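[1] Curious how this folds, go ahead:
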Amino acid sequence: MIIWFWSDTHFGHTKMIEYATRPFKNLKEMDEALVSRFNERVDENDLVFFLGDFCMKKSSEASDAPQNAFDYYRNQLHCKNIVFIGGNHDANNGTKTPIESVGILHGGSRIHLTHNPKHANEDFKFNYCGHCHGNEGTFRKLGRKSVIVDISVENWDYYPININDINGAHSAWLKGGKRA
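    Below is the predicted model of the structure:
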């Protein structure tokens, strides 16, 4: 079992293509690419922490205009084990998660998971967040000993990401690499 992290898919949100400068021609192409990239990496029995902003409540632009967009998109993701952390667009979209943040111990690191980096906690070595869509860099310092990692799909070529890939990118960042 691999543990994955993913955030800010905004399924069914046409304007997200423009807002986040996503490389998709239309909503159908974006939604299909996101589902495909998820299912390409994540196995049925893996565990995914989804850090908010899963989908719009209803998408009139989606090919079949689902009444319950959450179920429509969730059912396309082959993984059985997804823990949803609420984002600012998840209040009325069917996500129905009471979780706003959670702390985990994974790969020897204490990691705080939340959607908005404003809710990051510098008592954790790492804070995995979404919300920023790459606009504030993939990594940034929080206090003296903590780092915020932007898990938004824009930072990871629209794929879910695992801790090994995050740690590798973090090491490159510490050495002055590309992900700033």
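[2] How much space separates residue 172 from residue 155?
    Residue 172 sits 13 Å away from residue 155, going by Cβ to Cβ, to the nearest Å. The C-beta positions use only the backbone N, C-alpha and C, and glycine is treated the same way.
[3] higher neighbour count, these two?
    Comparing residue 172 with residue 155 by other Cβ atoms under 10 Å, the one with more neighbours is residue 155, at 23 against 15.
[4] where's that one relative to residue 8, distance?
    9 Å.
[5] swap in residue 133?
    Counting by Cβ to Cβ, the gap between residue 133 and residue 8 amounts to 6 Å.
[6] all helices for the protein, in order.
    15-19, 27-41, 69-74, 163-174 (DSSP state H).
[7] who's in contact with residue 76?
    Taking Cβ atoms under 8 Å, 6 or more residues apart in numbering as the criterion, residue 76 is in contact with 35, 39.
[8] if you skip the residues just before and after it, what's nearest to residue 73?
    Excluding the flanking residues, the one nearest residue 73 by Cβ to Cβ, 6 or more residues apart in numbering is residue 11, at 4.3 Å.
[9] Surely the one you found touches residue 57?
    No - with contact defined as Cβ atoms under 8 Å, residue 11 does not count as touching residue 57 (10.9 Å).
[10] Just give me how far the lowest-mean-pLDDT helix or strand in the chain sits from the chain centre.
    Ranked by mean pLDDT, DSSP states H and E, the weakest helix or strand in the chain is helix 69-74, scoring a mean of 88. Put simply, helix 69-74 sits 16 Å off its chain's centre (Cα atoms, centre = their mean, to the nearest Å).
[11] Mind giving me the packing neighbours of it?
    Using 3 or more Cβ pairs under 8 Å, 6 or more residues apart in numbering; DSSP states H and E, no helix or strand is in contact with helix 69-74.
[12] So for it, what gets flagged as buried?
    Residues 69-70, 72-74 are the ones in helix 69-74 that count as buried (16 or more other Cβ atoms under 10 Å).
[13] That'll do, ta.
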